[in-house]
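Participant: This is a predicted model, with the sequence first.
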Amino acid sequence: MDAANFEQFLQERIKVNGKAGNLGGGVVSIDRSKSKITVSSEVPFSKRYTFYISM
C-alpha cells in the first residue's frame, strides 16, 4: 500500500462526531509528504483510534 492510498483510506475512515469521512470542516487534517503521513487535530484525538482503524 502506498502513501497516497493510505491517506485516502484514512480520510474515508476517520470519524468526527460519529460520521466517517467527515473531517469536521478542518478540525482534523491529514497531510502527506512522500512516505510520511501526519494526522493533526484541533480537538482531542486518540492515537489508539488511529492505530485501530489502520490495522
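Facilitator: Received the coordinates, thanks. Numbering: from 1, shown residues only.

Participant: Which of the three states applies to the most centrally placed residue in the chain?
Facilitator: By CA atoms, centre = their mean, the mean C-alpha position of the chain lies nearest to Leu10, the distance being 4.2 Å. Secondary structure, DSSP: H, G, I helix; E, B strand; the rest coil: Leu10 is helix.

Participant: Report pLDDT for it.
Facilitator: Leu10 is assigned a pLDDT of 88 by the prediction.

Participant: Number the chain from 11, please
Facilitator: Sure, I'll start numbering at 11, so the last one becomes Leu20.

Participant: That one: what's its closest spatial neighbour, skipping adjacent residues?
Facilitator: The shortest distance from Leu20 to any non-neighbouring residue, by CB to CB, 6 or more residues apart in numbering, is to Ile40 (5.5 Å). From N, CA and C alone the C-beta is placed, and that goes for glycine too.

Participant: tell me the contacts of that neighbour?
Facilitator: Residues in contact with Ile40, defined by CB atoms under 8 Å, 6 or more residues apart in numbering, are Glu17, Leu20, Gln21, Ile24, Leu33, Ile47, Thr48, Val49.

Participant: so it is in which element?
Facilitator: Using DSSP states H and E, Ile40 sits in strand 38-43.

Participant: Name the residues that touch the following helix or strand past that strand?
Facilitator: Moving toward the C-terminus from strand 38-43, the next helix or strand (DSSP H and E) is strand 46-51. Here strand 46-51 makes contact (CB under 8 Å, 6+ apart) with 13, 16-17, 20, 24, 37-42, 55, 60.
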